[in-house]
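**Student:** Generate coordinates for the sequence data below:
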Amino acid sequence: MKLEVPFIKLPFRFDAARLQEEVAAFPAGAWVRHPNNLDGNSALRLITVGGGDNDDVAGAMAPTAHLLASPYLQQVLAHFGVVWSRSRLMKLGPGATVPMHTDINYHWHHRVRLHIPIVTTPEVRFFCDDQVVHMGQGESWIFDNWRPHKVENGSDIERIHLVADTTGNGRFWDMAHAAAGQEIAPQTVPYRPGARVGIATEQHNVYRVMPPSEVDDLLRDLAEETMSLKAGDAGRDEMKAYQRVLYGFRQDWRQLWSLFADGDRGVPHYRKRLEMLLQQVQALGDDLRVRSNQMPVLRVIGQRIGTYAVNPEVGAMGTPAPGAGATTPAAPAARPVVRTPDYDRPVIIVAAPRSGSTALFETLAVTPQLHNPGGEAHWLVEGFRMFLPGAPGVESNRLTADRLTPEIALAMKSRLAEKLVDASGAPADAPSVRLLEKTPKNALRIPFFNALFPDARFVFLWREPEENISSIIDAWRAGGWVTYPQLPGWDGPWSLLLPPGWQGLKGRPLPEIAAYQWAATNRTIMDDLEQLPADRRHVVRYSDFLADPAAVIRGVCGFAGLEFDAALSERTGGDLPPSRHTLTPPEAGKWKKNAAEIEPLIPGLAPLLERLRGFA
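**Tutor:** Numbers count the residues shown, from 1 in each chain. Below is the predicted model:
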């Protein structure tokens with residue numbers, strides 16, 4: 001649920017010691033693995049569908065035997081006077097995290113999650129949007145889970161919170177609104193031995209067919225937050241098309257409801273219209289994003305509408321379907337939240353263009369230890385129009401750390417997650433990945449990527465100037481590496497990366513342009529890497545890689561903390577295959593066809609070449 005601020009501390013304090021006693025009484029077997037299989041995360045179920053062993057969010061809720069055996073936990077929940085949905089104890093192991101994510105499915109549009117810390121230390125930190133808090137033992141908090149959020153347990157103990165979901169009533173939200181604007185002295189809520197309390201739990205929380213008013217509310221709210229990443233008229237046109245798609249769906253849904261309401265005859269018609277909506281939004285592309293959390297709009301619609309709009313297992317108008325239990329109607333299982341994985345020590349190859357980085361990338365990509373975005377990821381940065389050359393403050397491909405915001409970081413990690421594949425080409429499906437990335441333009445963005453991935457390992461590949469410059473010249477002349485067909489201030493198309501100072505090259509011969517690209521890129525890489533600790537940079541010389549690929553890859557593995565496994569051994573056991581961007585087959589002395597144009601430039605590059613040979 002969206003809140004006016006990221007965190008709200010409610011004005012209550014509970015008896016943490018008594019809560020700890022009740023938690024300690026639970027058997028070890030009562031704790032189960034987190035439903036999203038997050039390492040170090042486990043849960044103990046207190047309120048579930050039917051009071052059973054499940055993590056569903058749709059269906060009649062009831063207390064579990066664990067809650068019924070815990071009088072103070074019951075008193076704590078009853079104190080708020082609201083109707084409760086799924087509720088659990090959540091345990092976070094020493095050093096464990098809940099990775100950055102945002103909760104987008106239908107359940108969370110109307111509900112907020114209450115946190116009451118039972119066992120914690122100041123080293124446990126909760127992040128939401130741009131704020132970080134420590135929730136103290138016995139306190140009560142709610143937070144805006146529509147914004148990006150995560151949790152880190154930096155301590156050596158197991159953190160335990162009571163987490164309970166509710167839509168809240170008017171009194172609850174009056175209290176929350178007051179607490180959002182000022183800190184209110186907390187009321188102590190002690191344990192009352194022998195007191196019997198009643199806990200209200202949701203009985204009807206999913207429609208057989210979602211009524212038009214609910215569809216309108218969900219899609220109107222989403223439309224207000226949608227933005228297009230496309231620039232100018234293209235973005236405006238995309239938004240107009242998107243608005244028409246949503247309006248058409250809402251009107252069709254209302255028409256269907258006027259014919260069928262939530263009866264059996266309408267179910268296939270509703271489902272067909274849902275499929276059409278998802279296809280229409282998918283056809284618009286992935287540039288439509290939620291402004292506050294950068295989630296792809298298609299995913300949000302799928303989670304909000306696609307999953308819960310039609311549930312024929314539920315009886316008409318909320319009554320149990322024939323044959324269903326009177327207190328536990330069947331319901332679809334909850335889908336996992338959409339989240340980005342933890343990016344553990346990404347391996348980022350930085351190199352001048354045409355220096356052999358694709359061959360190095362394709363070699364490393366064969367190991368199942370690494371995931372990659374399927375090739376060069378120009379879209380990762382240039383999918384944001386504010387980073388395109390010509391945007392305010394952007395004259396080249398150079399980006400520094402000050403251009404990264406939390407919103408952009410989340411969006412980039414999310415977009416990477418959508419593209420990531422493993423060594424076999426299958427989509428990534430793991431809570432933590434070792435990213436392998438190689439995009440030549442990013443060689444000019446090391447400070448930016450260092451801010452995005454503070455534990456990244458940078459592999460610097462360089463190639464002798466004669467060979468590299470010759471290959472750059474060939475790429476320009478081939479016309480297959482055009483990056484900017486129309487670059488303001490430049491005559492004709494521009495190829496390969498755009499270094500700072502490119503404007504001074506206007507009218508210069510192509511060999512000088514190629515030499516400048518080689519020199520500016522390598523100089524920038526060394527300047528930036530010198531600002532990082534030595535254990536986060538590794539240098540590879542292209543000629544060494546060609547001569548003994550196995551030795552070079554072993555060196556990269558040792559640097560990056562990877563195993564030189566069977567896949568890498570097989571790949572480097574003989575001659576390396578040509579990379580996907582090879583222009584002509586490798587040949588000794590191939591550069592000499594351009595020697596007359598290149599050799600006059602080499603003396604001016606001698607100081608930089610000397611620095612390269614000594615760089616480590």
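**Student:** what are the ranges of the strands in the stretch 51-200 of the chain?
**Tutor:** Taking DSSP state E, counting those that start in this stretch to define them, one finds strands in the stretch 51-200 of the chain at 61-63, 83-92, 97-101, 112-119, 124-128, 131-133, 140-143, 149-153, 159-166, 187-189, 200-201.
**Student:** Check those for me: which has the lowest mean pLDDT.
**Tutor:** With a mean of 88, strand 97-101 has the lowest mean pLDDT of those.
**Student:** what packs against that one?
**Tutor:** strand 149-153 (3 or more C-beta pairs under 8 Å, 6 or more residues apart in numbering; DSSP states H and E). In short, each C-beta sits where N, CA and C put it, glycine included.
**Student:** Minimum distance to Phe384: which of the strands of the stretch 51-200 of the chain has it?
**Tutor:** Closest to Phe384 of these, according to C-beta to C-beta: strand 97-101, at 18.3 Å.
**Student:** what does that closest one rub up against?
**Tutor:** Applying C-beta atoms under 8 Å, 6 or more residues apart in numbering, the external contacts of strand 97-101 come out as 38, 40-41, 92, 127, 148-153, 337-342, 410, 413, 431-432.
**Student:** before we move on, what about stretch 15-29?
**Tutor:** 44, 66, 69-73, 76, 89, 116-119, 137-138, 160, 162, 189-191.
**Student:** what's the burial count for Ile47?
**Tutor:** Counted by other C-beta atoms under 10 Å, the residues lying close to Ile47 total 22.
**Student:** nearest residue to it other than its sequence neighbours?
**Tutor:** The shortest distance from Ile47 to any residue other than its chain neighbours is 4.0 Å, reached at Ser87 (C-beta to C-beta, 6 or more residues apart in numbering).
**Student:** which SS class is Ala423?
**Tutor:** coil (DSSP: H, G, I helix; E, B strand; the rest coil).
**Student:** Roughly how far does it sit from His161?
**Tutor:** Applying C-beta to C-beta, to the nearest Å, the value for Ala423 to His161 is 38 Å.
**Student:** So the two - more neighbours on which side?
**Tutor:** Using other C-beta under 10 Å, the more surrounded residue of Ala423 and His161 is His161, with 24 against 16.
**Student:** partner residues bridging that one?
**Tutor:** Met90, Pro117 (DSSP bridges).
**Student:** Could I get the contacting residues of it?
**Tutor:** Counted by C-beta under 8 Å, 6+ apart, His161 has contacts 89-90, 92, 115-118, 120, 135.
**Student:** Quick one, grab the pLDDT at Asp56.
**Tutor:** 88.
**Student:** Just the buried residues of the one helix or strand in the chain whose mean pLDDT sits lowest, please?
**Tutor:** Within the chain, confidence by mean pLDDT, DSSP states H and E is lowest for helix 406-419 among all helices and strands, at a mean of 81. Judged by neighbour count using 16 or more other C-beta atoms under 10 Å, the buried positions of helix 406-419 are 407-417, 419.
**Student:** could you pull out the helices for the stretch 451-600 of the chain?
**Tutor:** For the stretch 451-600 of the chain, applying DSSP state H, counting those that start in this stretch gives helices covering 465-478, 510-529, 542-547, 549-560, 566-571, 595-598.
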